[in-house]
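Peer 1: return atomic coordinates for the entry below.
(one chain, ligands or ions: 2)
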Amino acid sequence: MQDRTSSGAPELAPATRRRVPCTSCGVCQFCPSQLLIPMILSLYNDALLDSREDAAEEYRRACLDAELGADRCSGCGLCETVCPARIPVPDRLREAHAYLTGAA
Ligand code: SF4
Ligand code: SF4
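Peer 2: Ligands and ions are numbered 1, 2, ... in the order given. Prediction:
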């Protein structure tokens, strides 16, 4: 059975979410919002595959406290145009932020 978000959209259970195939290559490190994209995606993967609590705490410490949370992504799309792994980065960042802050 699927849970539903407050918007009514189906919410994927953690086990059915897929890890993000980011290789931490760093090609996207020019983000105009200065987001630490590989770190955020890595923490999202850690939360999905290992400990959500530990990853959330690290996300808070390394990103939110520095005002570099994934919610600051402007959606400009520059990162996904260069990503060799063809990751839809802004979408995955939105998911990561929601999951790591307990909003999803
Ligand atoms: S889409 Fe978001 S994460 Fe990607 S470069 Fe633009 S602001 Fe940075
Ligand atoms: S360019 Fe793609 S694979 Fe490389 S660090 Fe950024 S999101 Fe990860």
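Peer 1: so stretch 31-39, near ligand 2 or not?
Peer 2: Yes - Stretch 31-39 reaches ligand 2 (CB under 6 Å from any ligand atom) through I37, P38. (Each C-beta comes from the backbone N, C-alpha and C, glycine too.)
Peer 1: right, and Y99 touches A47 too?
Peer 2: Yes - at 5.9 Å, Y99 counts as touching A47 under the criterion of CB atoms under 8 Å.
Peer 1: ranges for the helices of the protein?
Peer 2: Applying DSSP state H to the chain gives helices spanning 37-49, 52-59, 78-82, 89-100.
Peer 1: now the residue nearest to V82 when sequence neighbours are not counted: how far from ligand 2?
Peer 2: Taking CB to CB, 6 or more residues apart in numbering as the measure, V82 lies nearest to V27, with 5.2 Å between them; neighbours along the chain are not counted. Relative to ligand 2, V27 is positioned 4 Å away (criterion: CB to the nearest ligand atom, to the nearest Å).
Peer 1: again with E95
Peer 2: Summarising the geometry, the distance separating E95 from ligand 2, computed by CB to the nearest ligand atom, is 13 Å.
Peer 1: numbering from 40 from now on, please.
Peer 2: In the new numbering, first residue 40, that becomes E134.
Peer 1: how about that residue, what does it touch?
Peer 2: Listed by CB atoms under 8 Å, 6 or more residues apart in numbering, the contact partners of E134 are R56, Y83, A143.
Peer 1: thinking Y98 is in contact with L75, fair?
Peer 2: No - taking contact to mean CB under 8 Å, the distance of 10.0 Å between Y98 and L75 leaves them out of contact.
Peer 1: circling back to that earlier point, now the helices of the chain in TSV, with distance to D104 and mean pLDDT?
Peer 2: Formatted as TSV, the entries for the helices of the chain read as follows, by distance: least, CB to CB, whole Å; pLDDT from 0 to 100:
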stretch	distance to D104	mean pLDDT
helix 76-88	13	97
helix 91-98	10	97
helix 117-121	23	97
helix 128-139	13	97
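Peer 1: out of the ones you listed, which comes closest to ligand 1?
Peer 2: Proximity to ligand 1, assessed across the helices of the chain by CB to the nearest ligand atom, is greatest for helix 117-121 (3.3 Å).
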